[in-house]
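>>> build me a structure from this.
(chains A and B)
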Amino acid sequence: MKLKTSGEKVFDVVNVGLLSFIIVICLLPLLNIAAKSFSSDAYVLAGEVFIWPKGFSVNAYEIVLGSRRFWDSFGNTVFITIVGTALNTFLTILAGYALSRKRLKGQRLFMFLFIFTMLFNGGIIPTYLVVKEVGLLNSLWALIIPGLVAPFNMIIMRLYFFNIPDSMEESAKIDGASHFRILFSIMIPLAMPSIATISLFYAVEYWNNYFEALIYITNHERFPLQVFLREMISNASSADINNMDLMMNTAQESVRGATVVAATVPILLVYPFLQKYFVKGAMLGAVKQ
Amino acid sequence: MDAPAVSGTGKRSGAKRRVKDLLLDYQLYLMLMPALAVLLVFKYIPIYGALIAFKDYNLVEGVFGSEWVGLKHFHDLFQSDKFYEVFVNTLLINLYKLVFQFPIPIILALLINEVRSTFFKRFSQSVTYLPHFLSWVIVSAVFANLLSPTGGIVNELLGYFGIDPIMFMSDERFFRTVLVVSSAFRESGWSSIIYLAAIMAIDTQLYEAARIDGAGKLRQIWHITLPGIRSVIVFIIMLRLGAALANDLEQVLMFYSPMVYRVGDVLGTYVYRVGLGQMKYSFSTAVNLFQSVIGFVLIIVANTISKRYGDRGLW
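Model prediction:
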C-alpha cells in the first residue's frame, strides 16, 4: 500500500543502525565479563579477552561454585525470595481488594495512610531501631517483614479489583458468599495476570536485595546472595580459604565474572516470563492513574 | 432491633440485611489488618522514632527516654562542611542524571517505535530491558570489569590511542560520570517503556495526514510524536525534580570508595556510614530527616506543577 520514499529508506537504515549500536552497548559488557569468567588468567590479565573465552578454563567456577558460602547464601536468597514473594503478594491482594470496595468505610483515610509512606519515611536509623527492638536483627525475616507493605503495588492491585464489574460480586452476594469467598473464588482467578506481574516484581526485588541485608544481617551464615557476591567481587580472596592454590592461579577478574554469571543465570531463566508480565505491569503503573 | 411487630416485612428484611452486610464487611477490615499492622510498626513507628533527631539518643534510655536537645543536631549539621559536601554532591549527581541520562529513554523509545521488523523490535526490547533486572552488585561488577586498568575494554581501547590506563572508579574527575553512565546502562531500556506506551497511544491518522502533506519521518517525529508524549515528558521531569534529594543509595555504595568521597558521597551513604558505622544515631537521623522533609516538600511542589502544566499529577 505505502510506497517508501528514498528519504524513508535512509531513515530506516539509520534507525536500525542506531538501535543496533545501543544493543551492542547493552550486550558487550555482559558478554565480555562472561567470556572472562571462562578464560585462563594469562589472557584475562593481558586484556586479550573480548567476547569469546581464550584459553578455556573453569577454575573460576570451581572457586565460586565450590564455596560452601556461595550455596549457603544461595539457599538464604531462595528462602527469602519464595517466602517473601508469597507473603508480599498475599498481603497486597488482601489489602488491595479491601481498599477497592466502596463498602469499606474510611477508605480515603486508609489510602492516605498507605500513600503517605511513599512520600515520607522515618529514615534508616529509626527503622533499624524498630527492627532491632522487635528482635529481628540477624534473622532472614528482617529482610521480609518490614517490607511487606508496598503501597505502589497495592494501588495497582486495588485498581485492578476496582475495574472488575460489580455484577460479578452482586450475584455472588445474593448467593450468600462472604467477602473472603468472593475474593478467593471470583476475584483472584480474574486478577491472575495482575497477580503474576506483581509477584514477579516482588521476586526480583527479593532476589536483588542488598541494602537491608547489609544493615540487618551480620552473621555470615545468613547472608543472602547479593551480600556474598559483593564480598566475592570486591575482594575475591576472602571467599574461601581451602581453595587458596586454585585462587593463586585464577585472575580476580575471572572470579568476578564467574560470580556475576552464577547470579545472573537464574534471572535469565525467568526472563522470558519477566518480560511478558513486567512490561504489562510497567504499563499498568504508567498509563492508568 | 426496631420494634419488629409494627414494621412491615419489607422493612424488617431490610434491617436484617443491613446487619448481615455489616457482619460481612468486618471481613474487609480483617483483610486490611495485616497490611495495616506492618505499616504501623515498620513505617509509622519509625516516623515517630525520627524524633531522636531532636534528642541525644542512648541505647539504655531508648527513643522515648533519651534527653531532648532541641535543634542541637541540626545546628551541628549546618555548621559542618561535610554536610554541604554531601548535599551538593546529591544535587549535582541528580542534576547530571537529569540532563544526560533523561533524554536517552526518549530517544530509545523513538528508535524502537520506528522499527518495522517485529522480530528486531522484540529483540531490541528484550536486550535493553535486561540490565534493569540485574542488581547494583552485579552492574557494579560489570563496570569494574569494563573499566579495569588491567585488561578492561575501555582502558585497552584508550591504550590504542596512547592513553595510560585510568582508574575511573577511584578518580574524582570521572566518578560522577561513571554513576551517570552506569545508571543509563541499567535503566534506559526500562524507562523507555512509559514513552513507548505513550507513543503507541497517538492517533495514527495524524501520521497519515502528515505523510500526505509531504512531511518526512523526522518532521513527523518533531511535529507529531514529541508533542504527543509531551505530558509524559513533563511528568517524568517533575518526578525527577521531586526526587532531587533522593539518591540511589545502593548504586553509590557499590561504586564509591574513600578516594572519591569528596565528589561521590551522597546524603544516603553519609547517613549510613555516620549512623550505623559511627553509631551517631541522633545526628544521622537529623541528616535523614532534613532529606525527608525537603524531599517531601519538593514532591508536593512537583505534583502541583505537573497537575497545572502537564495534564496529570504524580498521584
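
>>> which residue sits closest to the residue in the stretch 201-315 of chain B positioned nearest to chain A, ignoring its sequence neighbours?
For the stretch 201-315 of chain B, the residue closest to chain A is B:Asn288, as judged by C-beta to the nearest C-beta, at 3.5 Å. Backbone N, C-alpha and C define where each C-beta goes, glycine included. Closest residue to B:Asn288 apart from its sequence neighbours, by C-beta to C-beta, 6 or more residues apart in numbering or on different chains: A:Gly123 at 3.5 Å.

>>> mean confidence (pLDDT) on stretch A:47-58, please.
Mean per-residue pLDDT for stretch A:47-58: 83.

>>> just the terminal-to-terminal distance for that stretch.
18 Å (C-alpha to C-alpha, to the nearest Å).

>>> what residues does that stretch touch?
A:28, A:31-32, A:35-43, A:250, A:254, B:150-153, B:155-156 (C-beta atoms under 8 Å, 6 or more residues apart in numbering or on different chains).

>>> mind giving me the PyMOL command for buried ones among the residues you listed?
The buried residues among those can be selected in PyMOL (16 or more other C-beta atoms under 10 Å in any protein chain shown) with this line:
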select buried, (chain A and resi 32+35+36+37+38+39+40+41+43+250+254) or (chain B and resi 151+152+153+155+156)
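
>>> show me the contacts of stretch A:47-58 that map onto strands.
Secondary structure assignment by DSSP state E places none of the contacts of stretch A:47-58 in strands.

>>> re earlier: other SSEs contacting the helix or strand containing the residue of the stretch 201-315 of chain B closest to chain A?
Using DSSP states H and E, B:Asn288 sits in helix B:281-309. Contact here means 3 or more C-beta pairs under 8 Å, 6 or more residues apart in numbering or on different chains; DSSP states H and E; on that basis helix B:281-309 packs against helix A:107-119, helix A:124-133, helix B:72-79, helix B:230-242, helix B:267-272.

>>> and if we set it to 7 Å?
helix A:124-133, helix B:72-79, helix B:230-242, helix B:267-272 (3 or more C-beta pairs under 7 Å, 6 or more residues apart in numbering or on different chains; DSSP states H and E).

>>> ok, the residue nearest to B:Asn288 - how many residues close by?
A count of nearby residues for A:Gly123, using other C-beta atoms under 10 Å in any protein chain shown, gives 27.

>>> isn't it up against B:Ala286?
No. Applying C-beta atoms under 7 Å as the test, A:Gly123 and B:Ala286 come out as separate, 9.4 Å apart.

>>> B:Glu61: neighbour count?
12.

>>> show the contacting residues for the residue most central in space within chain A.
With distances taken as C-alpha atoms, centre = their mean, chain A has A:Val204 as the residue nearest its mean C-alpha position (1.4 Å). Residues near A:Val204 by C-beta atoms under 7 Å, 6 or more residues apart in numbering or on different chains: B:Phe133.

>>> pLDDT below threshold where in chain A?
Counting by pLDDT under 70, chain A has low-confidence residues at A:1-4, A:235-251, A:278-289.

>>> which parts of the stretch 151-289 of chain A are helices?
A:151-162, A:166-174, A:179-182, A:188-190, A:192-208, A:211-216, A:225-234, A:244-248, A:252-287 (DSSP state H, counting those that start in this stretch).

>>> the last one vs helix A:151-162, what angle?
Our comparison of helix A:252-287 with helix A:151-162, counting by axes from the mean of the first three to the mean of the last three C-alpha atoms, to 10 degrees, yields an angle of 40 degrees.

>>> how far does helix A:252-287 sit from the chain's center?
8 Å (C-alpha atoms, centre = their mean, to the nearest Å).

>>> same check, this time on the first one
Relative to its chain's centre, helix A:151-162 lies at 19 Å (C-alpha atoms, centre = their mean).

>>> what of the second one?
Put simply, helix A:166-174 sits 37 Å off its chain's centre (C-alpha atoms, centre = their mean).

>>> which residues of the stretch 51-200 of chain A lie near chain B?
By the rule C-beta under 7 Å from any C-beta of the partner chain, the part of the stretch 51-200 of chain A lying against chain B is A:91, A:94-95, A:97-98, A:101, A:103-104, A:110, A:113-115, A:117, A:119-130, A:145-146, A:148-149, A:178-180.

>>> among the residues you listed, the buried ones, what's the ChimeraX command?
A single ChimeraX command suffices to select whichever of those are buried according to 16+ other C-beta under 10 Å:
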select /A:91,94,95,97,98,101,104,110,113,114,117,119,120,121,122,123,124,125,126,127,128,129,130,145,146,148,149,179
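
>>> between the helices and strands packed on helix B:281-309, which one is closest to B:Gly295.
helix B:230-242 (7.6 Å; C-beta to C-beta).

>>> now the closest one: buried residues?
Judged by neighbour count (16+ other C-beta under 10 Å), helix B:230-242 contains these buried residues: B:Val232, B:Ile233, B:Val234, B:Phe235, B:Ile236, B:Ile237, B:Met238, B:Arg240, B:Leu241, B:Gly242.

>>> wait, the last one sits on B:Leu298?
To tie it back to what came earlier, the one meant is B:Gly242. Yes. Between B:Gly242 and B:Leu298 there is a contact under C-beta under 7 Å: 5.0 Å.

>>> just to revisit the earlier point, highest average neighbour count across the helices of the stretch 151-289 of chain A?
When the helices of the stretch 151-289 of chain A are scored by mean count of other C-beta atoms under 10 Å in any protein chain shown, the highest mean neighbour count falls to helix A:225-234 (a mean of 24).

>>> so what touches it?
A:64, A:69-70, A:73-74, A:77, A:208-210, A:213-214, A:238-239, A:255-256, A:259, A:263, B:135, B:137, B:141.

>>> next SSE downstream of the longest helix along chain B?
Longest helix in chain B, counting residues (DSSP state H): helix B:9-39. The first helix or strand that comes after helix B:9-39 along the chain, using DSSP H and E, is helix B:45-49.
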